[in-house]
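Participant: Build me a structure from this.
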Amino acid sequence: MPKPTPDLDDLTTAIEDFTTIFIRLPAVRRFNFSTLGVLHTLGRRGPMRLTDLTATEQLKQPALTSLVAKLERDGLVARSPDPTDGRAVLLSLTDEGREIVRARRTSRVERLAELVDRLSDEERALLADSVHVLKRLTEIADDDPVRTR
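Facilitator: Prediction:
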């Protein structure tokens, strides 16, 4: 018996449309997508080398280097020696950077709650069931070496 598969074109469109709305939900401190990507990645994953950060962000190393320098000047990112390699540097969020990530997440949760409250009981149940599937798709993508092409 074949596995049921959603219409992937429709799913892609739905995810793209939702992502467009979701990244704009927070009502606090607006930043461009690249800046938010770096802040949120460092917030979730902790200190990272610049070369490792280039694998998670869709920026070439020179552009990312410039962005990180700006974030450092703005007091949102700090550099520290890598304890495992004295030649390397780790990037991490400062207290202000962590506060921005925290405030944006809090605002996003609050605004998303307002939207979810407008769903029917059946729609909320479907959404609750889909959380596991979305997490699983993220895990699969994180483990996929082709992902960084």
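Participant: send the alpha carbons of the lengthiest strand in the chain over as CSV?
Facilitator: Ranked by residue count and defined by DSSP state E, the top strand of the chain is strand 85-93. Taking Å, rounded to 0.1, in the frame of the first residue of the first chain, the C-alpha atoms of strand 85-93 are listed here in CSV:
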residue,chain,number,x,y,z
ASP,A,85,41.6,25.8,19.4
GLY,A,86,43.5,28.9,20.4
ARG,A,87,43.5,30.2,16.8
ALA,A,88,39.8,30.2,16.5
VAL,A,89,37.1,32.5,17.9
LEU,A,90,33.6,31.7,19.1
LEU,A,91,30.7,34.0,18.5
SER,A,92,28.0,34.3,21.1
LEU,A,93,25.1,36.5,22.1
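Participant: quick check: mean pLDDT across it?
Facilitator: Mean pLDDT, computed over strand 85-93, is 91.
Participant: Now that strand: buried residues?
Facilitator: 90-93 (16 or more other C-beta atoms under 10 Å). All C-beta atoms are positioned from the backbone trio N, CA, C, and that covers glycine.
Participant: Check the offset of the next helix or strand after it from the chain's centre.
Facilitator: Sequence order places helix 95-116 as the next helix or strand after strand 85-93, per DSSP states H and E. Counting by C-alpha atoms, centre = their mean, to the nearest Å, helix 95-116 is centred 13 Å from the centre of its parent chain.
Participant: Give me the angle between helix 95-116 and strand 85-93.
Facilitator: 40 degrees (axes from the mean of the first three to the mean of the last three C-alpha atoms, to 10 degrees).
Participant: Go through helix 95-116 and flag the buried ones.
Facilitator: Buried residues in helix 95-116 (16+ other C-beta under 10 Å): 97, 100-101, 104, 108, 111.
Participant: rewinding a little: quick check: the two most widely separated of the buried residues of strand 85-93?
Facilitator: Spatial extent of these (C-beta to C-beta) is set by the pair L90 and L93 at 11.2 Å.
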